[in-house]
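Colleague: curious how this folds, go ahead:
(one chain, ligands or ions: 1)
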Amino acid sequence: MFRVAGIARWTPVWSEETVTMPVALITGGSKGLGRALAEALARQGWDLVLDARTSVVLEATAKEVRERYGTRVAAVPGDVTDAAHRAELIAAAGELGGLDLLVSNASVLGAEPLVRLEAQPLEGLRQALETNVVAALGLVQEALPLLRASAAGAVVAVSSDAAAEPYGTWGGYGASKAALDQLAAVLGVEEPGLRVWAVDPGDMDTDLYEAAVPDDGGERRPSPASVVPAFLRLVRERPASGRFAAPALLEEPAADGGLR
Ligand SMILES: NC(=O)c1ccc[n+]([C@@H]2O[C@H](COP(=O)([O-])OP(=O)(O)OC[C@H]3O[C@@H](n4cnc5c(N)ncnc54)[C@H](OP(=O)(O)O)[C@@H]3O)[C@@H](O)[C@H]2O)c1
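Modeller: Numbering: from 1, shown residues only. Reported below is the predicted structural model:
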């Protein structure tokens, strides 16, 4: 197969045999931010590999995205903490022709609702670290050969402002996101041929937020879809590896035309 995805990221590449489009793997792609990003990339012609633990929701999302945008969507149900599942995800990307963008988005809170550190179940913290950090690194390790082979390989680690700010009750989850940020930062140094972006999407109206803070006073938060343009901007402009916050990415370009 003739593959130059990433050079012509949104332009179909014609060969005598086939057309290839860039491929993104999004963990936790069945709902919330992962689904919104999947839809936006599919609208631009990306082929997708999506995962989530709840098969029926994942399959429904994949079917809708396929029917609406006409791209190839591999739905691979499973838990990112399972090494065999991570290998399946990368194999699915390989079957689509490679991997240009890996989005580590699937996360757990470690306590639902969130609690103060004095009451944080240690097993919950272990689960948060296993899902949000260990599995994310495991998937990167599995994905590196395909990402390095891409002309425009990139990794997005979905972070949180809880990684950097000491909000009460967000300690366990925030610690896992801080660890994820540091892995992303070091990966960016170690893999200069890739782009590695940790992205704080800001608060969003999703099941995860509702589970974290069920009694939030009914305050309205942005939809995941409203945050997605920040991610698309990174993919389009390909700034140097680093940590970004979606609200800043959604603002107008800086005077020099670059990212702030
Ligand atoms: N919502 C916010 O306010 C907010 C703020 C800052 C950062 N974030 C971050 O944004 C990202 C997306 O969160 P969201 O708010 O969109 O949450 P969401 O709507 O609850 O979606 C989470 C997705 O991850 C999947 N998932 C969870 N654990 C998984 C596992 N072990 N293996 C595979 N899939 C798994 C879920 O499906 P299953 O449950 O079926 O597995 C679902 O598809 C997360 O990294 C979160 O930490 C969210």
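Colleague: list the buried residues in stretch 199-208.
Modeller: By neighbour count with 16 or more other C-beta atoms under 10 Å, stretch 199-208 contains the buried residues Val199, Asp200, Pro201, Gly202, Asp203, Met204, Thr206, Leu208. For the C-beta atoms, the positions are set from N, CA and C on the backbone; glycine is no exception.
Colleague: tell me which helix or strand Ala179 sits in.
Modeller: With elements delineated by DSSP states H and E, Ala179 resides in helix 171-190, which encompasses its position.
Colleague: and the contacts of that helix?
Modeller: 104, 107, 109-111, 114, 116-117, 120, 124-125, 128-129, 131-133, 136-137, 140, 155, 157, 159-160, 162-167, 194-198, 212, 240-243 (C-beta atoms under 8 Å, 6 or more residues apart in numbering).
Colleague: could you give the secondary structure assignment for the residue most central in space within the chain?
Modeller: Central residue check for the chain by C-alpha atoms, centre = their mean: the C-alpha nearest the mean position is that of Val103, 2.8 Å away. Under DSSP: H, G, I helix; E, B strand; the rest coil, the three-state class of Val103 is strand.
Colleague: cool, and Thr71?
Modeller: Using three-state DSSP as the criterion, the local structure at Thr71 reads coil.
Colleague: count of residues packed around it?
Modeller: By the criterion of other C-beta atoms under 10 Å, Thr71 has 19 neighbours.
Colleague: mind jotting down where the strands sit in the stretch 101-250 of the chain?
Modeller: Secondary structure of the stretch 101-250 of the chain, counting by DSSP state E, counting those that start in this stretch: strands at 101-104, 154-158, 195-200, 242-245.
Colleague: deepest-packed of these, please.
Modeller: Highest mean neighbour count among the strands of the stretch 101-250 of the chain (mean count of other C-beta atoms under 10 Å): strand 101-104, with a mean of 29.
Colleague: so what secondary structure elements neighbour that strand?
Modeller: strand 23-26, helix 32-43, helix 135-149, strand 154-158 (3 or more C-beta pairs under 8 Å, 6 or more residues apart in numbering; DSSP states H and E).
Colleague: among the ones you listed, which is nearest the ligand?
Modeller: Each of those has some distance to the ligand by C-beta to the nearest ligand atom; the shortest is helix 32-43, at 2.1 Å.
Colleague: what's in contact with the closest one?
Modeller: Taking contacts as C-beta under 8 Å, 6+ apart, the residues outside helix 32-43 that touch it are 24, 26-29, 48, 50, 52, 61, 65, 68-69, 71, 73, 101, 103, 105-106, 158, 201, 204, 206-208, 223-225, 227-229, 231-232, 235.
Colleague: if we look at the ligand, which of those are close to it?
Modeller: Contacts with the ligand within the contacts of helix 32-43, as defined by C-beta under 6 Å from any ligand atom: Thr27, Gly28, Ala52, Asn105, Ala106, Val158, Pro201, Met204, Thr206, Asp207, Leu208, Pro224.
Colleague: which element is the second one on?
Modeller: Spelled out, that is Gly28. Take DSSP H and E as the rule and Gly28 turns out to sit in neither a helix nor a strand.
Colleague: and it, how many neighbours?
Modeller: Gly28 - counted by other C-beta under 10 Å - has 26 other residues nearby.
Colleague: return the residues in contact with it.
Modeller: Under the criterion of C-beta under 8 Å, 6+ apart, the contact list for Gly28 reads Gly34, Asp51, Ala52, Val80, Asn105, Ala106, Ser107.
Colleague: measure the nearest residue to it once chain neighbours are set aside to Arg35 for me?
Modeller: The spatial neighbour of Gly28 that comes closest, neighbours along the chain excluded (C-beta to C-beta, 6 or more residues apart in numbering), is Ala106 at 3.2 Å. Here the distance between Ala106 and Arg35 works out to 12 Å (C-beta to C-beta, to the nearest Å).
Colleague: what residues does the chain put near the ligand?
Modeller: The chain comes close to the ligand at residues 27-28, 30-34, 51-54, 57, 79-81, 105-108, 131, 158, 160, 201, 203-204, 206-209, 224, as judged by C-beta under 6 Å from any ligand atom.
Colleague: low pLDDT regions in this protein?
Modeller: Counting by pLDDT under 70, the chain contains low-confidence ranges at 1-20, 252-260.
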